[in-house]
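Undergrad: next input, structure requested:
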Amino acid sequence: MSDKADSSLARMLGVLDLFTEQRLHWTADEISEALQVSLPTGYRYVKMLTEAGLLQRAGDAQVTLGPRIIVLDHFIRQSDPVLQHGIPFMKELVALTGFDCVVSSLLGTQVLDTHREYSSVPADLSYGRGRPRPLFLGAAPKVILAQLPTGTLHKLMDAHGPEIAAAGLPTTWPEFRRYFSRIRKAGFYFSNGELESSLSAMAVPLLAFDGRVIGALSLVSAVQRMAMIEPSKLVPLLQRAATDICSRLR
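TA: A predicted model of the protein is given here:
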């Protein structure tokens, strides 16, 4: 495939990146302007993506994401090795603790929850599968970031200065690095009302055989319910489950 064709394909797929929680509908004219392509090109992109089921008409000349994405998400769930091996252990954690159990992953620079096992008293968690979480708030993102190579962590800090400051994290590299080094050394992170004021969470990292971080395993509950136990008692349960899950990935 020529460089020109590669570039055109990349721009067409860039249409999908325009859709966010804040902007779910676009017209072909708006897409053309956002991608800085001609109107005929923008309309062609919309037509091709609609025919592929990745977009669908939504009235008033607008389009939104299409049903093919739902099918692809089903395939992702079926093929995700962490979920294939992890769900039985997540169910066991829920039975042992009475708390919700969540698996999260870092995809690019976004932390996403990929699965949640509900307890009999589910936590009122605003985030779920497919909704990106703040990168610097909460237990799961922090145990994931703590496992990243130093260079990768430094790049994230350089690119997300305002978010880091808003999260109340150190804004100088030496202090920022030390903050996450302490989490890495501890092997877990406990958040209490940090991401959402009503929720607490304990998380441990999920590590591949080569030490690379592939996600986080968390127990989540209302602050009041978590206060009824010593949170540190959850750590060995989570670490054992994480070890069991990761050992099966090998």
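Undergrad: and the least confident helix or strand in the chain by mean pLDDT, what's buried?
TA: Ranked by mean pLDDT, DSSP states H and E, the weakest helix or strand in the chain is helix 3-17, scoring a mean of 80. Buried residues in helix 3-17, defined by neighbour count with 16 or more other C-beta atoms under 10 Å: 8, 12, 15. (Each C-beta comes from the backbone N, C-alpha and C, glycine too.)
Undergrad: ok, the second one - contacts?
TA: What that stands for is residue 12. Residues near residue 12 by C-beta atoms under 8 Å, 6 or more residues apart in numbering: 45, 48, 49.
Undergrad: swap in the first one?
TA: Under the criterion of C-beta under 8 Å, 6+ apart, the contact list for residue 8 is empty.
Undergrad: next one: residue 55
TA: Residue 55 makes contacts with 15, 46, 49, 63, 64, 65, 66, as judged by C-beta under 8 Å, 6+ apart.
Undergrad: rewinding a little: which of the contacts of residue 12 are buried?
TA: So, by 16+ other C-beta under 10 Å, the buried ones in the contacts of residue 12 are 45, 49.
Undergrad: hmm, back to that, filter the contacts of residue 55 down to the ones in strands?
TA: Among these, DSSP state E puts 63, 64, 65 in strands.
Undergrad: center of this structure, which residue is that?
TA: Residue closest to the average C-alpha location in the chain (C-alpha atoms, centre = their mean): residue 112, at 1.3 Å.
Undergrad: partner strands of the helix or strand following the least confident helix or strand of the chain, parallel or antiparallel?
TA: As assigned by DSSP states H and E, the chain's next helix or strand after helix 3-17 is strand 26-27. Using DSSP bridges, strand 26-27 pairs in its sheet with strand 62-65 (antiparallel).
Undergrad: distance of the residue sitting furthest away from the middle of the chain from residue 32?
TA: Residue farthest from the centre of the chain, counting by C-alpha atoms, centre = their mean, is residue 40 at 35.3 Å. Using C-beta to C-beta, to the nearest Å, residue 40 is found at 9 Å from residue 32.
Undergrad: strands of this structure, residue ranges please.
TA: Along the chain, the segments classed as strands by DSSP E run 26-27, 55-59, 62-65, 100-107, 110-117, 189-192, 199-207, 213-222.
Undergrad: alright, I will stop here.
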